[in-house]
Every structure is written in structure tokens, then in C-alpha cells.
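Enquirer: Compute the structure for the input listed below.
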Amino acid sequence: MAMFVLPAFLFAQEKAAAPQSDAKSFPEPDFILRDNDLKPQKGGLVLGPMESDGKGGTKGSFAVYGGSSLIHVGSLSFSSDGRILAVGSTPGRVDLWDVEKRTKLRSLAGGSTLALSPDGRLLANDGNGIEIRDVATGKLFKRIPWSLTTSTPGVQRTVKKLEFNPPGSLLHVSSNGENDLVFDVSSGQLVATLASTQQGQFSRDGAFLVGGNAKHLITWSTKDWTKVSDSPNGPDYVTRIAPFPEKDLAVVGGPKNARLVHLSSGEEIAKVGLGYTNFAAFSLDGALILTYSSGGFGVWDTTGRQYCYKEGLGNGTIGISADGRWLAAATANGGTGVAIWNVQSALGVCGARRPPARSP
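Expert: Sure thing, here's the model as predicted:
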């Protein structure tokens with residue numbers, strides 16, 4: 001039996017909470033993108049519980065029985081038109097898929113955490129430092145140096161999330177227990193260090209970046225990196241944030257639940273998921289919320305009504321294309337397989353059809 005540090009994309013194995021009584025079952029995927037050359041790990045994967053490390057991060061463990069290697073999807077990122085899907089897997093593999101044609105375009109060496117630029121031309125991943133590569137050729141465009149060392153003993157500065165802003169000119173980096181950073185893509189230079197901000201997320205128009213920690217929920221202006229608002233948050237650390245500043249809304253996910261709050265005040269409106277939150281996103285009009293926690297995957301409205309529910313959607317790694325067409329979820333049994341749903345069709349089954357959902 002081998003023991004490892006649990007990657008951030010795996011979620012707590014808590015007993016799933018029962019869905020609301022009138023919630024429908026979220027449908028099965030439309031298709032699965034699967035690499036036939038790579039098969040799931042034999043012997044099974046046993047997950048240990050996620051819990052706070054007391055320093056704003058997460059700790060846990062897992063054991064693998066049988067087999068000689070572990071392949072597991074750690075991040076998913078679409079181009080803004082939904083045509084290309086980038087899949088980052090351990091140990092150090094990136095696959096690029098044409099979603100409509102269900103064809104793999106190419107594979108690259110890289111890290112399990114990645115982001116695809118909105119135009120699909122650049123790929124950022126946590127390889128040797130933070131690498132930014134040309135998608136068409138695979139050639140290195142820019143390398144941003146990255147040290148794992150922190151001032152806290154036993155805590156590494158591991159990259160947890162990468163995100164391009166809508167124009168593709170900035171790269172936002174979230175890491176374990178550290179303040180979020182923003183880099184200029186062309187030069188690789190640091191643009192901003194966002195105090196008291198983790199798991200930040202750009203707004204749909206790129207005018208704001210919203211993040212926080214166990215005490216703060218902060219909206220930053222991306223024009224000059226000044227604070228637009230700073231609201232109370234907590235008491236738990238943040239695992240995921242999805243903002244919708246147009247309606248003064250945000251979903252704040254933590255280790256115990258996902259909360260819908262007013263962005264300007266931090267006031268809670270409703271719980272929209274129970275357990276460790278891995279994913280959150282708004283529909284384009286802000287009327288619907290999609291979350292995935294250890295309590296299950298859910299589709300909600302802004303009153304806290306749940307339309308759809310599914311337990312065990314995947315391993316906790318989910319992405320939505322910015323055009324709202326596709327929902328992707330990494331399969332739960334290892335390997336590089338990714339299940340794909342047509343979002344609008346799925347919402348129709350849920351009885352909650354709305355304008356397309358946007359990228360979280």
C-alpha cells in the first residue's frame with residue numbers, strides 16, 4: 001500500500017445529503033471522451049477524508065491497491081467557444097480534444113493543473129514553473145518561475161487553479177494557503193498580489209476578480225487592482241468562488257457547504273450544496289447555479305430551490321464552456337476519461353432550462 005498527499009481536486013467522502021424532495025435526477029452524459037490507450041487503474045482507489053490543515057489549506061490521503069501507476073484527471077478547461085477541451089492529468093499529462101468531433105488533437109507533457117486561453121491558442125500549466133505554451137505547436141511561449149517553498153513548515157506553495165481573463169492578457173494563479181497572484185501573459189511579470197484572497201475568479205466581462213478567505217470576500221477592480229468591496233466571510237476557508245457582480249451575487253464554497261451570498265455585504269441568501277465544494281458556476285443570466293460538493297451535484301435557483309441532483313457525478317473535477325454548451329466531468333474510477341453533457345438539454349430534463357451557463 002502506498003500513501004500520497006491527496007490532490008486538491010479530490011473531494012471529501014462524506015455521506016451525501018438527501019436532495020430536496022422535488023429535485024429531479026440529473027441525466028446521464030451525452031458521451032465520454034476516452035483515450036483507448038489508457039485504462040483506469042486496476043485494484044481501485046480508496047479516498048481518505050478532506051479536512052482543514054489549520055493554515056487555510058486542505059489535507060488528506062489516499063491509498064492505491066494494485067497496479068503500478070495512478071492516472072487521474074486534475075483539471076478541465078474549455079476554449080470560450082467550447083470547441084477545445086484541455087484535460088490535465090497526473091502524472092504530468094495534458095490532452096487536447098475537439099469536443100464536437102470527439103477527437104483528440106494532441107497530448108503534451110505538463111502538469112495536472114491547467115487553463116486554456118479563451119481563444120484556445122495558449123495553454124498554461126504547472127509544469128517546470130508555470131508554463132505557457134502555444135496549443136498548435138506545443139512550443140513554450142513563456143515560463144513563469146515558481147517556487148514550492150513557503151515560510152510555513154510542511155506547507156508547499158502548490159498551484160491549485162489557473163485562469164486566463166476573458167481577453168487572455170492576464171493569468172490568475174491560486175495556490176495552497178497563499179494569496180492569489182496575477183501575471184501579465186506576454187511578459188510573465190507579476191501584476192498584482194491580492195491580499196486575503198484565495199480561489200479568486202474573474203467576472204464574465206473581466207472587469208472584476210472576486211476571491212476571499214476565512215474572514216474576507218473581496219471584489220478587486222482589474223483596471224487598477226483596487227478593492228471595490230470587502231465583506232465579512234467565514235468562518236471556514238474557501239475552496240471555490242463563483243461571482244456574479246451584475247446581480248450582487250457570489251457562491252462561496254468551503255469544506256462544509258456552498259453558500260449563495262450578496263457580494264457587497266457577505267449576507268447569506270441560501271445554501272446551495274453540502275460538504276466540500278469542488279465546483280460552482282452561474283448561468284449567463286445569473287438565474288441558475290450549478291454546484292458540486294461531496295453532498296452531490298446540484299442545479300439551483302437564487303432562492304435555494306434545487307431542480308436537479310446527482311450523487312457521484314465524477315471525481316470532483318468539472319468544467320463548463322463559456323458559451324454554455326458543454327459540461328465536462330472527469331470520471332471517478334481513474335484514467336483520463338471525461339464525461340460530456342449538453343448543458344441546455346440537461347437543464348431541460350431538470351425542468352430548469354435557462355440561457356447557457358458560463359465558465360466557473
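Enquirer: So which residue is dead centre in the chain?
Expert: residue 279 (5.5 Å; C-alpha atoms, centre = their mean).
Enquirer: Surely it forms part of a strand?
Expert: Yes: per DSSP: H, G, I helix; E, B strand; the rest coil, residue 279 lies within a strand segment.
Enquirer: And the nearest residue to residue 254 once chain neighbours are set aside, how far from residue 212?
Expert: Leaving aside its chain neighbours, residue 254 sits nearest to residue 236 (3.8 Å; criterion: C-beta to C-beta, 6 or more residues apart in numbering). Backbone N, C-alpha and C define where each C-beta goes, glycine included. Distance of residue 236 to residue 212, computed by C-beta to C-beta, to the nearest Å: 11 Å.
Enquirer: what does residue 158 give?
Expert: 19 Å.
Enquirer: And those two? Which one has more around it.
Expert: Neighbour count, other C-beta atoms under 10 Å: between residue 158 and residue 212, residue 212 has more, with 27 against 18.
Enquirer: so what's the residue nearest to the centre of the chain bridging to?
Expert: residue 292 (DSSP bridges).
Enquirer: contacting residues for it?
Expert: Each residue near residue 279 by C-beta atoms under 8 Å, 6 or more residues apart in numbering is listed here: 240, 253, 290-292, 316, 318, 360.
Enquirer: Which members of those are the farthest-apart pair?
Expert: 290 and 316 (13.7 Å; C-beta to C-beta).
Enquirer: out of those two, which sits in the busier spot?
Expert: The neighbour count for residue 290 versus residue 316, taken as other C-beta under 10 Å, is higher for residue 290 (29 against 26).
Enquirer: show me where the stretch 251-360 of the chain has strands.
Expert: With strands called from DSSP state E, counting those that start in this stretch, the stretch 251-360 of the chain shows them at 257-262, 268-274, 277-282, 288-293, 296-301, 306-310, 318-320, 326-330, 338-342.
Enquirer: Turn those into TSV, including mean pLDDT and distance to residue 206.
Expert: Below are the strands of the stretch 251-360 of the chain laid out as TSV (pLDDT from 0 to 100; distance: least, C-beta to C-beta, whole Å):
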stretch	mean pLDDT	distance to residue 206
strand 257-262	97	22
strand 268-274	96	24
strand 277-282	96	15
strand 288-293	96	21
strand 296-301	96	25
strand 306-310	95	29
strand 318-320	95	17
strand 326-330	96	21
strand 338-342	96	26
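Enquirer: so what's residue 70 scoring on pLDDT?
Expert: pLDDT, residue 70: 72.
Enquirer: tell me what whichever strand or helix holds residue 95 is packed against?
Expert: Element membership for residue 95 (DSSP states H and E) is strand 93-98. Under the contact definition 3 or more C-beta pairs under 8 Å, 6 or more residues apart in numbering; DSSP states H and E, strand 93-98 sits against strand 84-90, strand 103-109, strand 122-125.
Enquirer: residue ranges with poor pLDDT in the chain?
Expert: Scanning the chain with the threshold set as pLDDT under 70 gives 1-18, 36-69, 353-360.
Enquirer: repeat that for 50
Expert: 1-15, 39-52, 54, 59-69 (pLDDT under 50).
Enquirer: quick one: the helices in it?
Expert: 343-350 (DSSP state H).
Enquirer: So the nearest residue to residue 291 once chain neighbours are set aside versus residue 258, what's the distance?
Expert: Spatial nearest neighbour of residue 291, excluding adjacent residues (C-beta to C-beta, 6+ apart): residue 273 at 3.9 Å. The gap separating residue 273 from residue 258 is 4 Å, by C-beta to C-beta.
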